[in-house]
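[1] Generate coordinates for the sequence data below:
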Amino acid sequence: MKIEMTGFREFLQGELVEIMEKRKDQIQPVEDVHQEELAYLVGMLTRFIDTSHFLQHYTNSPLYDLTLRQNSGAPKTALTGLGDFCLFRTGFFPLGFKTKRTAPRKNFILAGQKAYWLVSESQNQTLEMFRSLAFNFLIFSNLISEIRLRYMSDQELMDLYDFWLETDSEFAEEALRKKGVVPQRFSHSI
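    Numbers count the residues shown, from 1 in each chain. Reported below is the predicted structural model:
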């Protein structure tokens, strides 16, 4: 499945910049975020969204995939691909970690962070962008999630509530309030 990409890169770039500006008081990156990282995110998102075969090289266990690539001495491009897949998976499908057949979101986050970190430690050169991607993985994942959740359907409302419970995302809370839901945490004391 191919989708029309004309203007799509500009749209994603604009959304990322807008969200980072809007959430600058909440987002506290470990490493400075540069234009290079944002351009990389836009390219990665465009590549994954524009293909229907992005799952073919990975299992449902990202930590297994990481160990396999690490132990086999796979080239850095294989680790980069795994990091990209994990970032796309956690960001673009923030609500899709409910089934027992899919690894929990934290496993994708850990595998993606580690994959990017291993790339950044390349013996040939230090790749600062991948170091930033590793350290700021969760921030980038949440930025992508916010773009995705901005365009969610009403049917995904309960999933959005679950996402808010898991992440305390202020965007998710705002989106719920706009839909007439006041998010609350309930304590279970007996």
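
[2] going forward, measure contacts between C-alpha atoms and count neighbours the same way
    Will do.

[3] which other residues reach the lowest-mean-pLDDT helix or strand in the chain?
    None of the helices or strands of the chain scores lower by mean pLDDT, DSSP states H and E than helix 157-167, at a mean of 76. Defining contact as CA atoms under 8 Å, 6 or more residues apart in numbering, one finds that helix 157-167 is touched by 94, 95, 149, 169, 170, 172, 173, 176, 183, 185.

[4] at 10 Å instead, please
    Helix 157-167 has contacts (CA atoms under 10 Å, 6 or more residues apart in numbering) with 94-98, 142, 145, 149, 152, 154, 156, 168-176, 179, 181-185.

[5] I'd say residue 104 and residue 86 touch.
    No. Using CA atoms under 10 Å, residue 104 and residue 86 do not qualify as a contacting pair, with a distance of 11.4 Å.

[6] Could you pull out the residues contacting both of those two?
    By CA under 10 Å, 6+ apart, residue 104 and residue 86 have these common neighbours: residue 62.

[7] Tell me which of those two has more neighbours.
    The residue with the greater number of neighbours, taking residue 104 and residue 86 and applying other CA atoms under 10 Å, is residue 86; the counts read 25 against 17.

[8] Okay, buried residues for whichever strand or helix holds that one please.
    In the assignment (DSSP states H and E), residue 86 maps to helix 76-92. Taking 16 or more other CA atoms under 10 Å as the basis for neighbour counts, the residues of helix 76-92 that come out buried are 76, 78-92.

[9] go on, stretch 35-42?
    Buried, per 16+ other CA under 10 Å, within stretch 35-42: 37, 38, 41, 42.

[10] that older thread, now the following helix or strand past the least confident helix or strand of the chain: mean pLDDT?
    Using DSSP H and E, the helix or strand that directly follows helix 157-167 along the chain is helix 170-178. The average pLDDT within helix 170-178 is 81.
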